[in-house]
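J.: I would like to see how this sequence folds:
(one chain, ligands or ions: 2)
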Amino acid sequence: MNSLPLPAVLNLLDYDLAALLAWFSEQGEKPFRARQVMRWIHREGCDDFDAMTDVAKALRAKLKEQAEIRAPMLLRDSLSGDGTRKWLFDVGDGNAVETVFIPEAGRGTLCVSSQAGCALDCAFCATGKEGFNRNLSTGEIVGQLWLANSLLGAAKVGGDREDRDNGRVISNVVLMGMGEPLANFDNVVAALRVMLDDHAYGLSRRRVTVSTSGIVPAIDRLREECPVALAVSLHAPDDALRDRLMPINRKYPLRDLMAACRRYLERAPRDFVTFEYVMLDGVNDSDAHARALIALSRDVPCKFNLIPFNPFPRSGFARSPAGRVRHFAGLLLEAGIIVTTRKTRGDDVAAACGQLAGRVRDKARRASACSLQTVEEVFS
Ligand code: SAH
Ligand code: SF4
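T.: Ligands and ions are numbered 1, 2, ... in the order given. From the prediction side, this is the model:
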C-alpha cells in the first residue's frame, strides 16, 4: 500500500498578522478569527487550540489538523545572581541559539538571536568565528519571545504594573544575539511585525532595536518596510581599520554607511542612531580614534555605546583598560556626544552572546563571544 505524504503542518509562530489573514481567507474564515487566534497565541501564550475557547469549534478542529504552535526546544535555562536569565534553544542539526533576558528597574530587555552563527566574520566576534550555519525562521525568532514570555510567567503581554516594576516582563527587544539580523531580512521583518502588532506583543517601535554591522541596502529596506530603533556596530572611525575588523566594510564603506544612517533617521521612530563601539586595547581606543569618531559622526544624530571587549581564546584582542574607556568616553562627551558604557551582566551564567551555544557546538574551540551587557539607558 502506498503511504500518502503527511499533510504539511503550519507553524503559526511563522505568521505575522498579514500572513495569518491571508491563510484564514484561503480557508474561507473571517478576518476577525485570525486576529482572535493571533491574540491567543501571543497575548495569552497559548499553544493549544482546544484552549481557545471563543474560537468556533469547527475552526479549532481545522486548526488542530493543519497547524501547530511550535517554539524552539529549550536546552538550558540559567539564572544569574543579578537576575539575568539565559536560555539555550535547539534549532536542529546540532545548532543552538541563545536568548537573554535582562531585568532592570521598570524595564525588561530581551536579547534575541536572528541566525545560527554568522557569515560576516568580524575579527573580534566569536559568533563570526563559528561561521554561518543558517537563518532562523520567523517562528524561531518569534518563538524566543513567545517562550521567554511564558518562562518568565508573563505570558499575558504587557503584564500588570507590578510585574513591570519588578522588571519581569519584556518591555524591550534587541536583536543583538547571534547573527546579523539584516542578512536574514524577510524572516526578521516578519518577526518584527509580530513584536509590534497590537494583537500580539504590542511593543513600541522605539523599544525594538535592530543591531547591524552595516548592510547598507538592507538599512534602506528596513527604513521603508519596518522602521524600528537602529543600532550600528561601528567599531572603527576609518575605513582602513574597519576593513580589517569588519570585512563587510569593504563592501559598504563608512561614507556610504553614514549616509544610510542619515536616510534612516528620516523615517526612524527615534531621532538618533546608536553606534556600538567595542573597545579593543591598543587597536581602536586612542585619543586620535576618538577625535576621528567625533569628525565621522558630526552629521549623524547619534549616541555612542562603548562595549568593553569580551575576550575569547585566540581572538588576538584584549579589552581596553577601564581607565582608557572612561577617558575615551570623556573625549566624546566633551564634543557633546551622549555616551554610555555597557555594564557586563550575567557573568556567572556566561550571558555573553555566543558563549553557551558555542560550547554546545564545539567544546574545545569556543569560550565566549560578544558580551551581552546591560543595554542601559540607550534602549529605554
Ligand atoms: N550582527 C549584529 C548584531 C549581533 S552582535 C551586529 O554586528 O551588530 C551584537 C554586538 O556585539 C555588536 O555590536 C557586536 O559588534 C558586538 N560584539 C561582537 N563580538 C564582541 C565581543 N567579543 N566583545 C564585545 N562585543 C562584541
Ligand atoms: Fe556577525 Fe555581528 Fe558578530 Fe559581525 S559582530 S560576525 S555581524 S554577529
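
J.: quick one: stretch 118-126 near ligand 1?
T.: Yes - contact between stretch 118-126 and ligand 1, assessed by CB under 6 Å from any ligand atom, occurs at 124-125. From N, CA and C alone the C-beta is placed, and that goes for glycine too.

J.: what residues of that stretch count as buried?
T.: By neighbour count with 16 or more other CB atoms under 10 Å, stretch 118-126 contains the buried residues 118, 120, 122-126.

J.: all the helices of the stretch 51-200 of the chain, residue numbers only.
T.: Under the criterion DSSP state H, counting those that start in this stretch, the stretch 51-200 of the chain carries helices at the ranges 57-66, 126-130, 138-151, 161-165, 185-196.

J.: so which of those comes closest to Asp90?
T.: Closest to Asp90 of the helices of the stretch 51-200 of the chain, according to CB to CB: helix 138-151, at 10.1 Å.

J.: other SSEs contacting the closest one?
T.: With contacts taken as 3 or more CB pairs under 8 Å, 6 or more residues apart in numbering; DSSP states H and E, helix 138-151 sits against strand 73-79, strand 85-90, strand 96-104, strand 107-111, helix 185-196.

J.: can you list the residues of the stretch 101-250 of the chain near ligand 2?
T.: So the stretch 101-250 of the chain meets ligand 2 at 118, 120-122, 125, 127-128, 179-180, 213, 233 (CB under 6 Å from any ligand atom).

J.: any idea which of the residues you listed is closest to Ala51?
T.: Gly179 (32.9 Å).

J.: where's the closest one relative to Asp239, distance?
T.: 24 Å (CB to CB, to the nearest Å).

J.: between these two, who's got more neighbours?
T.: Gly179 (29 against 14; other CB atoms under 10 Å).

J.: in space, what's closest to the more buried one - neighbours in sequence excluded?
T.: With sequence-adjacent residues excluded and distances taken as CB to CB, 6 or more residues apart in numbering, Gly179 is closest to Gln115, at 2.7 Å.

J.: what residues are bridge-paired with that neighbour?
T.: Asn135 (DSSP bridges).

J.: and for it, the neighbour number?
T.: 27.

J.: residues touching it, list them.
T.: 97, 132-136, 178-181, 183-184 (CB atoms under 8 Å, 6 or more residues apart in numbering).

J.: one more time with 10 Å, if that's ok
T.: Residues in contact with Gln115 (CB atoms under 10 Å, 6 or more residues apart in numbering) are 91, 95, 97, 127, 132-136, 140-141, 177-181, 183-184, 187-188.

J.: which pLDDT value goes with Ala322?
T.: At Ala322, the predicted lDDT confidence score is 95.

J.: sorry, that was for Asp362
T.: 46.

J.: and what of Ala154?
T.: At Ala154, pLDDT is 61.

J.: likewise Gly167?
T.: On the pLDDT scale, Gly167 gets 44.

J.: could you do Lys303 as well?
T.: 98.

J.: ok so it is a strand residue?
T.: Yes - assessed by DSSP: H, G, I helix; E, B strand; the rest coil, Lys303 belongs to a strand.

J.: sec struct for the nearest residue to Tyr15 once chain neighbours are set aside, please.
T.: Excluding its sequence neighbours, the residue lying closest to Tyr15 (CB to CB, 6+ apart) is Trp23, at 6.8 Å. Assigned by three-state DSSP, the conformation of Trp23 is helix.

J.: check contacts around Trp23.
T.: Trp23 neighbours (CB under 10 Å, 6+ apart): 10, 12, 15, 29, 34, 37, 66-67.

J.: Asn172: which of those is nearest?
T.: Tyr15 (23.3 Å).

J.: isn't the closest one right up against Ala67?
T.: Yes - assessed by CB atoms under 10 Å, Tyr15 is found in contact with Ala67 at 9.0 Å.

J.: need the overlap of contacts for the two.
T.: 23, 37.

J.: tell me which of those two has more neighbours.
T.: Between Tyr15 and Ala67, counted using other CB under 10 Å, Tyr15 has the larger neighbour count: 25 against 19.

J.: and the more buried one, its phi and psi?
T.: phi -100, psi 130 (degrees, to the nearest 10).

J.: look up how far Ser137 lies from the closest residue to ligand 1 within the stretch 1-150 of the chain.
T.: Residue of the stretch 1-150 of the chain nearest ligand 1, by CB to the nearest ligand atom: Cys125 (3.5 Å). Separation of Cys125 from Ser137 (CB to CB): 23 Å.

J.: neighbours around Ala8, how many?
T.: Per other CB under 10 Å, the neighbour tally for Ala8 reads 7.

J.: of the contacts of Gln115, buried ones?
T.: By 16+ other CB under 10 Å, the contacts of Gln115 give 91, 95, 97, 127, 132-133, 135-136, 140-141, 177-181, 183-184, 187-188 as buried.

J.: how about the residues of the stretch 201-350 of the chain near ligand 1?
T.: Counting by CB under 6 Å from any ligand atom, the stretch 201-350 of the chain sits next to ligand 1 at 211-213, 233, 276, 278, 307, 309-310.

J.: low-confidence ranges in the stretch 51-200 of the chain?
T.: 154-168 (pLDDT under 70).

J.: tell me the residues of it that contact ligand 1?
T.: Residues of the stretch 51-200 of the chain lying near ligand 1 (CB under 6 Å from any ligand atom): 124-125, 176, 180.
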